[in-house]
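> pasting the sequence and the predicted model now:
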Number of protein chains: 2
Amino acid sequence: MRVYNFASGPSALPLPVLERAAAEMTDVNGTGQSVMEMSHRSKDFKPIIEKTEALLRELMGIPPNYKVLFLQGGASLQFSMVPLNLAGVEPGSPKKKAAYVETGIFAKKAAEEASKYAEVHTRGSSKDKAYTYIPAPLPPEADDAYYHITVNNTIVGTRWAALPETGSVPLAADISSCILSEPLDVSRFGLLYAGAQKNLGPAGTTVVIIREDLLGKAPSWTPTMLRYDIHAGEASMYNTPPCYGIYIIGLVLEWLKELGGADAMGKLNREKADLLYAYLGGSKLFRSPVEKSSRSIMNVTFVSTEADPDKRKEKETRFVKEAAAQGLVNLAGHRLVGGMRASIYNATPIEGVKALIKFMEKFEKNEK
Amino acid sequence: MRVYNFASGPSALPLPVLERAAAEMTDVNGTGQSVMEMSHRSKDFKPIIEKTEALLRELMGIPPNYKVLFLQGGASLQFSMVPLNLAGVEPGSPKKKAAYVETGIFAKKAAEEASKYAEVHTRGSSKDKAYTYIPAPLPPEADDAYYHITVNNTIVGTRWAALPETGSVPLAADISSCILSEPLDVSRFGLLYAGAQKNLGPAGTTVVIIREDLLGKAPSWTPTMLRYDIHAGEASMYNTPPCYGIYIIGLVLEWLKELGGADAMGKLNREKADLLYAYLGGSKLFRSPVEKSSRSIMNVTFVSTEADPDKRKEKETRFVKEAAAQGLVNLAGHRLVGGMRASIYNATPIEGVKALIKFMEKFEKNEK
């Protein structure tokens, strides 16, 4: 029996996508091969990667002066690649400036990694309140090589409702947990990146969208595989790309297009999130720790209202366990913050959200 | 209809593995989830990665003082990680020495990348004869940080029949195209790496086997994701690993174990290669370009004996095309060297090799 999976990533995929992947496993498009067996340079794989890129361009409205790259290593490798490629310098040269806004644990990790290669300036932080809001950030300075934000913060469940104005300084963003969850104006950014395993496909594929004028700035000592210009010059075929992940992303994008694309997903995701936040707003047992204007529509976190820490912990653990027994799985919060988290990415149907709320109501009733 | 796929990588996978993956696509081990949907830190995924590692340790005979890592980026990223981790220095310090043997295009690429971070010394090369043999290499020098070889060279089709003696200098090797193709004494090496997409599973997962005393030597400026010690300390869970690839590798290893492991595969692969080389030895139309003692049992290359380059090219192109029409696909040689190549990895059944020889005999007959 299939469960409702609220994992924060890797996370639920659309059932029709999985069923099609299963049906095509030993013979796709009449080639007599699995996608996993195909030479990445073959005429059989070419239409697969080209279709995936074309769909991504169409659904995200990616302008023609941006390259789309299918890489590996997740957002964590991008934490190094962004500063190396956009602000890296030759040995002996003074470091360039890079601006970061600290809105969560991953945003902080990104800045820490960048500080190996650039002079990092923090233009805003919500650390004072455990990252439960998006701060009003300082503007960039003219000599910032780029300005980095994390559009959706997976762990605490916050989201930039409006993008910062960065003028001629390129805006670089981690959109791992919100890519294609709602419309996004790509032209506002110099660089976007997303690990696929939340809203796009399986773990192991990373999508990078980069404005062409930002290519070719990496210093000579950059590892070749960490250079955007190398991957862009070879259309993601400098080495063997993660072919099967690219194929699954293509299937997910086809499914998304059928449902109406980013506009339709945005409406549906807003509806799903509103249902949960409305329930939390009226609950005596649970509450959202996140400031209203900063709430994520992808990761809805909640905690017990119990004041006693031990009792709170007991209640939360029991909730997660009992929910799992009802087929509502992976509701525990991130190991660093605790509490609960329902990740409701594109592939989570509204029925799953309704089933979760029904269970929460029942659990709350029983606690009285 | 399934084809016989002689691709050099990504390449054929065992049909029973693909069929099982298809059957388990929407619900594996009764979890109600696809492996692609599982949180990598969940109790559902843990037994999958642990099983894969245990099987790899058992089948390769990996001693307990070696770590097994499941990474991303293929051999190409290892070309940077090996020198950074084993010979990298802090800024201003003199470069350390690293020894490389140049036995092919990828061996050369590895050395070129290493020269960004280390003083590379070439201890042997077969470039003089287009990499068609394994040279007798010079021994390491006492202050070489490591000694790097490519055990099987995929493009030209050569293989080290005996490993070089490197004493206390760690031997580091690319085994992407021969891992588990025959028994290998892991204790002879300090570090082994392999992209999965030839003999182990889908593209996007890289296996690294490293002796524990070699961990922790990377300089401070190394990108975090490129540090072996970070990945070893977190048991390949520093960030989200390529979960589905790890699962497929596990299925491939189960299949391999049932067939008798590396010993049995070695015998079978030798038998498959011998059939092809015996045919080539007697053919008037085709010949192997590789010196006898250096011939790969994984990648069997061959060229037309035609002296006129245009006629040769025409004949080879026609051969590859007509073979494909008979369901014998991906027989073209690497784009840099031309000719033909039959990659006969573990998953290629002996029936496929026999079908190929039968076709070659027929083709040869028709040419007379």
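Thanks, I have it.

> roughly how far does the residue nearest to A:D174 when sequence neighbours are not counted sit from B:P242?
Distance criterion Cβ to Cβ, 6 or more residues apart in numbering or on different chains; nearest residue to A:D174, sequence neighbours excluded, is A:T150 at 4.5 Å. (Each C-beta comes from the backbone N, C-alpha and C, glycine too.) Look at A:T150 and B:P242: by Cβ to Cβ, to the nearest Å, they are 23 Å apart.

> more neighbours, these two?
Neighbour count, other Cβ atoms under 10 Å in any protein chain shown: between A:T150 and B:P242, B:P242 has more, with 33 against 29.

> next one: the more buried one, what pLDDT does it get?
B:P242 carries a pLDDT score of 98 in this model.

> over to A:P139?
Listed pLDDT for A:P139 reads 97.

> one more: A:M1?
80.

> again with A:T348
What the model reports as pLDDT for A:T348 is 96.

> chain B contacts on the stretch 151-300 of chain A?
A:195, A:197, A:201-205, A:220-221, A:223-226, A:238-245, A:248 (Cβ under 8 Å from any Cβ of the partner chain).

> so which of those sit within helices?
In this view, those that belong to helices under DSSP state H are A:243-245, A:248.

> what does the lengthiest helix in chain A rub up against?
Across chain A, the helix with the greatest residue count (assigned by DSSP H) is helix A:261-282. Contacts to helix A:261-282, defined as Cβ atoms under 8 Å, 6 or more residues apart in numbering or on different chains, come from residues A:58-60, A:180-184, A:256, A:259, A:286-288, A:295-298, A:300, A:302, A:342, A:344, A:346, A:348, A:350, A:353-354, A:356-357, A:360-361.

> show me how far the helix or strand following that helix is from its chain's centre.
The helix or strand immediately downstream of helix A:261-282 is strand A:286-287, counting by DSSP states H and E. The gap between where strand A:286-287 is centred and where its chain is centred comes out at 25 Å by Cα atoms, centre = their mean, to the nearest Å.

> I'd like the next helix or strand past strand A:286-287.
strand A:299-304.

> for the very next helix or strand once past that next one, give the mean pLDDT please.
Proceeding C-terminally, strand A:299-304 gives way to helix A:309-325 as the next helix or strand, assigned by DSSP H and E. Across helix A:309-325, pLDDT averages out at 96.

> each with direction, which strands does the helix or strand just after helix A:309-325 pair with?
Downstream of helix A:309-325, the first helix or strand assigned by DSSP H and E is strand A:328-329. Using DSSP bridges, strand A:328-329 pairs in its sheet with strand A:4-5 (parallel).

> who does the next helix or strand after the partner strand touch, helix- and strand-wise?
Next along the chain after strand A:4-5, taking DSSP H and E as the criterion, comes helix A:15-23. Under the contact definition 3 or more Cβ pairs under 8 Å, 6 or more residues apart in numbering or on different chains; DSSP states H and E, helix A:15-23 sits against helix A:243-259, helix B:15-23.

> distance from the chain centre to the longest one, please.
Averaging C-alpha positions (Cα atoms, centre = their mean) puts helix A:243-259 16 Å from its chain's average.
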